[in-house]
Every structure is written in C-alpha cells, then in structure tokens.
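Asker: sequence and predicted structure, then a few things I'm wondering about:
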Amino acid sequence: SRQGNAKKRPVKMESREMPKRRIREPKAWRERMRAKKTYREMPWRSRLSGRKEKKRKGLPRRVTGRKPGSLMVHCWKLGKGREEPPRRKAAAELPEDAENIVENEIIVVYDDAGVSEKKSEKIQKKAEDALSEIDIEVVDEIAESGDGQGTIVSAQISGEMSVNEAVKEAMEDENVSYAQPNYKYELMDSEPLPEAVEVEAEGVLTNDLYVKSGYTYYLNSTRTADAWERARSNRSVTVAVFDSGCRLSHEDLRNNVLKDLAYDAYYRQKLTAKDVPNGGDPNGHGTHVSGLIAAQAGNGLGIAGTSYNANILPIKICDNNGKNATTQSILNGIYYCQKLVGDGVLKNLRVLNMSTGYYATSESYYADYLLETQLEDMAYGFNVLTVCAGGNGDSLGTPYTIPMYPSDFDVCLSVTALNRNGYNCSWSDFNAAKDISAPGEYIYSTYNRNDRSYVSMSGTSMAAPIVSGICALLWSKNLNWRLRRR
C-alpha cells in the first residue's frame, strides 16, 4: 500500500516528583522482562526524576538527561491499574530478501553502560565468547561505552544464519543490550543535467558570476537574497555534510571548507584529496550539496550558498566509489562530530545535512533504531539539527509514500522538492512525515570534475542543502538558540 504513514509523536508525560532512592519495579514484571531479553538494568537516569546527571568528561551535559548514544530503558513505577510501559521491539523481523541491509553482518550493543572499565572488559569478553560460539565474530568497535550507552561493535556472521536469526541469537545473550542489522544507505539519485536554467536575478546582493547571470533562481524563490540583508553566517556557523565527500580545492569552496577537520567516516581516517579520487569526492554529489550550503559568496566566482559563507565540515560516509554508505559509516561520522564538539575543537556546529536514505515498508520494523537515537542525541544534547532529503520516487518518476529513513524520523527535518514555478515536483516523495519543501529542479552548484566545475542537478538531495544553509543563516543571528522537541 502507498498510503501515507501518519507520523507518530512522542507521548507527553506529566512530570512528577520521584523519591531520591532507586525505584525497583515489581519482581514479577522484572523477571518477565529479563526472560524476554528486552529489559536491562541501566544506571538510574530517568528524565522524570528531575535529578541532574554528572557531566561526562569531554561532552556537554545532556539537555534531556541522556548521554550520547543512549539506549536507555526508563524505569516505571507500576501500580494498580497501570499497564506495562510501551517499548520498541527488541529485534525487527526483516524479510529474507531485504535489500537494504548488509549481508552477513549485524551491529551489537553490549550491556556495559555505566560500569567500571574492569567490569566492562569482563562483559565484553563474555559477550564476544558467547557470540563466537554461535558463529558471530566481532570485527570492529564502533563506539566505546559511556554512562548511558554500551559498547557498540560490528560483527560478521560466519555461519549459515540469516541476519534475522543472528540478531535474535545475539539478543539471547545476557551481556547484549541490543542488536540490529547494518542498514545500507544510498545517495538520492541525482545526475548532472545537460543545461542550466537562467532566470532573471532580482535583488542580487553578491558579485558572484552565476548569481548575476541568473543561474541560481532558488536564492530568489526562497527569498534568501532578501534574508541576507538581515543576517549572514560569515563562518560563525558550521554545517556537517554527510555525503560522498567534497572536492576540497574547488575554487568556490576551499575558503569555507574545514579541510583540516574533514573526515572519511567509511575508512575512519582524515579526508584528503590524496587518498580519495577527484580531490576528495569520487561521486560529485557531496560537492554539489556543499556548494548549495556554503559556496563562497562575494568572491566574484561561481555561485553563493544559501548560508552566506557558513563553514562546511565534509564527512564522507561512502566508499571510494561513492557508494555503500551504512549505519556503521554514518555512526562513525556522528561520533567524530560529537568528539570535536566535546573536545571544544568545533563549538559552532549546528546543522547536519544528509541527502541519503533507504526505503522501508513498515515504520516500526525497518527503522534504523541506533541511528535514530544518535540523531536525537545530536539534536537535544549537542543542539545540532539534522536536515534530510525526502526522497525522489522510483525510476519511472512515481513518488513513494512509504517511509524513508532517516528523513522520516521525528527528530529530522524532512525536505521535499519544488519546481521552478514553486509547485511540487511530480517525482518528489510525500507522506505525513515530510516537513518542508524547497527548490529541487535544475539546481546549479559546484561539482567535482575540476576546481572550476559547476553543473545543474535535480532532486530532494538539492532541496535539503538549500534548507540546511538557511538554517545556518538563522543560527547566525543567535548561536545559543536551542532545539525543542516537537
């Protein structure tokens, strides 16, 4: 069915006073939850308690009371007539022919949150031994444990088990808090178009060549050019671009790109023009997206990004062929950004652009829960908004109404595409989870062929960075403005 899926909103809880001592749930319920392997005792950090947490070294105190990467299960005090707390299914059941997951691989979270280093090592050893016995071999650590998060690792399925079976088997171990597939993410299809569209420029405030020539109609249709009279980023705000990379030496980007901090999250190393084809972007998609956000305004060259000179932090989540982004590579990038902020290296990161995603046929069973929790932490802990491309439909130009993630997560700002006349593009996805629209047809921006390359492309991949740049522009008025839950 292609019926639009209604977007689920978090239930608003009434605050109440809680005793300072730890609340113990009724024994019968606690034992049932342990038997189901969906309950793990976590450090007492309920948001309902009103108690402040200790500040984690190197990271800001969480606005919501949650730590980075928290997979916390809040304790409930059950009484007469009260139902058991609702909770997410421990392991999603996927169809055997699912195409949006990495074969023979899962991601596992150990149950070592908030414990001492010595105890954490014991839990990890026990979990690894138990997984090894069922032909699941841990191959890489994605994130260390913290007060509200267990150690996250990727594991290879060496036997004949399916991903479904491996997730279920992993969840059976008492030292495992959670397990899920490693989802595949694809860049929203966008191919260079043979020509650019010229529209008469109105109220142009920059001397940039293609802005004066009328190639950047979206600056006028979004009234961004008018907004520049009131605010300009001028490197006071940083936008992280999770994409195929960025041509670091492009004439219209090099002065706004944070080259020393650019990161290759797929290979977990610094992003450099030497190690990655085409100057740091094997695909061109990431360079095009970066230009729409922060191509240098006022330099007499090329175009101008909507942010008016925000800084760009390129995070490459694809391989050197511009493909194969996964949950793991995106999480690598998120933890890198969190570390930069926590260490005080990057204090003005406010927007994360993701023009990538995957389609799911069921809202609850196919959502990348680990990524969702991290994006929530970025929003409400680090005050970083994630802006996502809403989806471009199928190969025949028919829009989808089924969920697409991460765009359809509540915490993300999902962007659909408009044509030059301000109407919805016929191929742009729609459902109740989409949030806002922006120009996405014949969008002219920087490209990766050489340092002076520019092309037109169409897609929600272009609409999203236009919005990301405008969000940076808003924050440039007051960097202390904070995100609130909807």
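Answerer: In hand now; what should we look at? Residues are numbered from 1 along each chain as shown.
Asker: give me the below-cutoff pLDDT ranges for the protein.
Answerer: The chain contains residues with pLDDT under 70 at 1-97, 189-205, 362-366.
Asker: now with 80, please.
Answerer: Within the chain, the segments meeting pLDDT under 80 span 1-99, 159, 189-205, 361-366, 486.
Asker: for it, what spans make up the helices?
Answerer: 27-36, 117-133, 163-171, 209-212, 218-221, 224-227, 277-280, 285-294, 327-342, 369-380, 460-475 (DSSP state H).
Asker: how far does the longest one sit from its chain's centre?
Answerer: It refers to helix 117-133. How far helix 117-133 lies from its chain's middle: 29 Å, per C-alpha atoms, centre = their mean, to the nearest Å.
Asker: on contacts alone, who are the packing partners of it?
Answerer: Other helices and strands packing on helix 117-133, by 3 or more C-beta pairs under 8 Å, 6 or more residues apart in numbering; DSSP states H and E, are strand 101-110, strand 136-143, strand 176-187. Where C-beta positions appear, they are placed from N, C-alpha and C, glycine not excepted.
Asker: what do you get if the cut-off is 7 Å, keeping everything else the same?
Answerer: strand 101-110 (3 or more C-beta pairs under 7 Å, 6 or more residues apart in numbering; DSSP states H and E).
Asker: what does the strand it packs on contact?
Answerer: If you take C-beta atoms under 7 Å, 6 or more residues apart in numbering as the criterion, strand 101-110 is touched by 71, 94, 123-124, 127, 145, 150-157, 163, 166-167, 170, 175-184, 326-328, 370.
Asker: ChimeraX command for the buried members of those residues?
Answerer: In ChimeraX, this line selects whichever of those come out buried by 16 or more other C-beta atoms under 10 Å:
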select :71,94,123,124,127,145,150,151,152,153,154,155,157,163,166,167,170,175,176,177,178,179,180,181,182,183,184,326,327,328,370
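Asker: which one of the helices of the chain is the most hemmed in?
Answerer: Counting by mean count of other C-beta atoms under 10 Å, helix 285-294 has the highest mean neighbour count of these, with a mean of 32.
Asker: now the angle from it to strand 176-187?
Answerer: 90 degrees (axes from the mean of the first three to the mean of the last three C-alpha atoms, to 10 degrees).
Asker: so what secondary structure elements neighbour helix 285-294?
Answerer: So helix 285-294, by 3+ C-beta pairs under 7 Å, 6+ apart, packs with strand 238-243, strand 311-316, strand 443-446, helix 460-475.
Asker: give me the most central residue, the protein.
Answerer: Nearest residue to the geometric centre of the chain (C-alpha atoms, centre = their mean): residue 375, 5.5 Å.
Asker: just checking, it touches residue 411?
Answerer: Yes - with contacts defined as C-beta atoms under 7 Å, residue 375 counts as touching residue 411 at a distance of 5.1 Å.
Asker: what do these two both touch?
Answerer: By C-beta under 7 Å, 6+ apart, the residues touching both residue 375 and residue 411 are residue 386.
Asker: circling back to that earlier point, which one of the helices and strands packed on helix 285-294 lies nearest to residue 223?
Answerer: Closest approach to residue 223 among the helices and strands packed on helix 285-294 (C-beta to C-beta): helix 460-475, 9.6 Å.
Asker: and that closest one, what does it pack against?
Answerer: Using 3+ C-beta pairs under 7 Å, 6+ apart: helix 460-475 touches helix 285-294, strand 349-354, strand 385-389, strand 413-418, strand 436-439.
Asker: mind checking how far the last one is from the chain centre?
Answerer: On the basis of C-alpha atoms, centre = their mean, strand 436-439 is displaced by 19 Å from the centre of the chain it belongs to.
Asker: now swap in stretch 219-232 and tell me
Answerer: Centroid displacement of stretch 219-232 relative to its chain, using C-alpha atoms, centre = their mean, is 27 Å.
Asker: one more: stretch 125-141?
Answerer: 28 Å.
Asker: with only the CA atoms kept, save that stretch in CSV.
Answerer: Extracted as CSV, the C-alpha positions of stretch 125-141 are listed here (Å, rounded to 0.1, in the frame of the first residue of the first chain):
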residue,chain,number,x,y,z
LYS,A,125,34.8,-10.7,26.8
LYS,A,126,31.8,-12.8,27.9
ALA,A,127,29.7,-11.4,25.1
GLU,A,128,32.3,-11.9,22.4
ASP,A,129,32.9,-15.5,23.6
ALA,A,130,29.1,-16.2,23.5
LEU,A,131,28.7,-14.7,20.1
SER,A,132,31.7,-16.6,18.8
GLU,A,133,30.1,-19.9,19.9
ILE,A,134,27.2,-19.2,17.5
ASP,A,135,29.4,-18.2,14.6
ILE,A,136,29.1,-14.5,15.1
GLU,A,137,32.6,-12.9,15.1
VAL,A,138,33.1,-9.3,16.4
VAL,A,139,35.3,-7.5,13.9
ASP,A,140,35.2,-3.8,14.8
GLU,A,141,34.4,-1.4,17.6
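Asker: contacts for that stretch?
Answerer: 110, 151, 153-159, 161, 166, 169-170, 173, 175-176.
Asker: out of those, which comes closest to residue 315?
Answerer: residue 154 (18.4 Å).
Asker: isn't the closest one right up against residue 142?
Answerer: Yes - counting by C-beta under 7 Å, residue 154 does reach residue 142; the two are 6.1 Å apart.
Asker: ok, and the closest non-adjacent residue to residue 397?
Answerer: Nearest non-adjacent residue to residue 397, counting by C-beta to C-beta, 6 or more residues apart in numbering: residue 427, 4.3 Å away.
Asker: hang on, I meant residue 382
Answerer: Nearest to residue 382 is residue 341, by C-beta to C-beta, 6+ apart, at 5.5 Å.
Asker: now the one you found: how far from residue 143?
Answerer: 15 Å (C-beta to C-beta, to the nearest Å).
Asker: quick one, what contacts residue 166?
Answerer: Applying C-beta under 7 Å, 6+ apart, we find residue 166 in contact with 106, 136, 157.
Asker: what of residue 434?
Answerer: 390, 414, 416.
Asker: equivalent analysis for residue 439, please.
Answerer: Contacts of residue 439 by C-beta under 7 Å, 6+ apart are 218, 221-222, 418, 463, 466.
Asker: residue 305 too?
Answerer: Here residue 305 is in contact with 291-295, 297, 469 (C-beta under 7 Å, 6+ apart).
Asker: give me that answer again for 6 Å
Answerer: Contact partners of residue 305, counting by C-beta atoms under 6 Å, 6 or more residues apart in numbering, are 292-295, 469.
Asker: tally of neighbours for residue 484?
Answerer: Neighbours of residue 484 under the rule other C-beta atoms under 10 Å: 8.
Asker: same deal with residue 455?
Answerer: Around residue 455 there are 22 other residues, counting by other C-beta under 10 Å.
Asker: can you check residue 387 too?
Answerer: The number of residues packed near residue 387 is 29, by other C-beta under 10 Å.
Asker: equivalent analysis for the one 3 residues further on, please.
Answerer: Using other C-beta under 10 Å, the number of residues around residue 390 comes to 34.
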